[in-house]
Every structure is written in structure tokens, then in C-alpha cells.
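K.L.:
Build me a structure from this.
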Amino acid sequence: MSYIHGYDPETLRESIDARQCTERLDEIGEQRSLPALLERVWLLKVLDRLEDALVISEQSVRVARMAGTRKDLLRARILHATVQQARGALAAAEHELTTCAEEAEGQGWSSIAAFAYQHRGKVRFDAREYEDARVDFKRALFLRQESGATDEQLESALLAIDAADRRRAQTSVAS
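P.N.:
Numbering: from 1, shown residues only. The predicted structure follows:
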């Protein structure tokens, strides 16, 4: 079941059903497996419980580092960076996402690299760096196409490219 019902075209944030997300968070409870931790981080983040999300995201990075694969660690770090972004720590989030994207691409892990680029694009979008955000979204789209991503994943990249283009146009008209 997808808890994402779409994306806000102005902020690029996930549109979710808060009740569904809260129910799922309750179902997961205090499970300590890496998949459960990662899901809890995401749910806490979209429910705007950022302090809790930060604590659990740091724990998920530690668990992935100790007991997971390199791919698991990258996923945990990317999710941690999205929490940093939501908390307004854009420079830290961008740095973490850059290192994750580069490592994933260097390993040939297109879907993970696309995930990192998509989120780095969102960080740059929040920082009003619309041209750089567009470049990241286009890279994510290319990598997703290359890895056979779902239509939903391709659509989210296309929506983000469109949003960056709109903001770029608005910015250039205003100046």
C-alpha cells in the first residue's frame, strides 16, 4: 500500500493521509529491524514529527552500518538527509545526498542514485536553486528510466522538473 497520494506541485512534498500513516506507525511500534526503522523514519518525517524522525534516522544509519549492506547504508543515509532537509539543514542534507549519489552511481546502483538525486533536487528546490534542482531531477529521471522504474517514480521526477521550470520562469520574470 502506498501512503503517498501525490505531490504538492508548489513544495514537492508528499501528499499523504495522516490517519493512514499514524495507523501504520502504531502497527510498526518499536520494531528494531532496519526496514521497520526506515519506515518509521519516513512516517515520522511526513507526519512532521521531525525530532523523533531525526533520532530514529540516526539509529537506522547505525544499524545499517553495523548489520546492513552498503546499499542499506546508502538508503539509511539518504533518508537521514531528507530529515535534515525537513528540519531546514539544507547544506548538511545536500552534502550527504551528494556523497550518496556519487557512491551509488560509482557502484552502478541506478535506482539508489536516482533516489539520492531526486532528494538533492528537492533540497536545492527548497534553497531556491531552481536550475541546479532541475539538473538533479533530470538526472534522477534518466537513472530511473535506465533502471526500469515504475510509472509513479517517473511521474514524480517529471512533476519535479516541471515545478523547477515554473519556479525558474517566475524567478526570471521577477528579476
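
K.L.:
quick one, strands of the chain?
P.N.:
In the chain, the segments counted as strands under DSSP state E are 4-7, 14-16.

K.L.:
Which residues does the longest one contact?
P.N.:
This points to strand 4-7. Contacting residues not belonging to strand 4-7 are listed as Arg13, Glu14, Ser15, Ile16, Asp17, Ser156, Leu159, Ala160 [CB atoms under 8 Å, 6 or more residues apart in numbering]. (Each C-beta comes from the backbone N, C-alpha and C, glycine too.)

K.L.:
What sits closest to Ile112 if chain neighbours are left out?
P.N.:
Ala104 (4.0 Å; CB to CB, 6 or more residues apart in numbering).

K.L.:
if I look at the one you found, how far off is Val135?
P.N.:
17 Å (CB to CB, to the nearest Å).

K.L.:
same thing with Gln59?
P.N.:
Gln59 is 33 Å from Val135, by CB to CB.

K.L.:
residues in contact with Gln85?
P.N.:
Ala93, His119, Lys122, Val123, Asp126.

K.L.:
Equivalent analysis for Arg124, please.
P.N.:
Contacts of Arg124 by CB under 8 Å, 6+ apart are Glu94, Tyr130, Asp132, Ala133, Asp136.

K.L.:
let's see 10 Å
P.N.:
90, 93-94, 97, 130-137, 164 (CB atoms under 10 Å, 6 or more residues apart in numbering).

K.L.:
And the pLDDT for it?
P.N.:
According to the prediction, Arg124 has pLDDT 98.

K.L.:
now swap in Ser175 and tell me
P.N.:
63.

K.L.:
ok, now Ile161?
P.N.:
97.

K.L.:
What's the local residue count around the nearest residue to it once chain neighbours are set aside?
P.N.:
Among residues not flanking Ile161 along the chain, Phe137 sits closest, at 4.6 Å (CB to CB, 6+ apart). Phe137 has 28 neighbouring residues, counting by other CB atoms under 10 Å.
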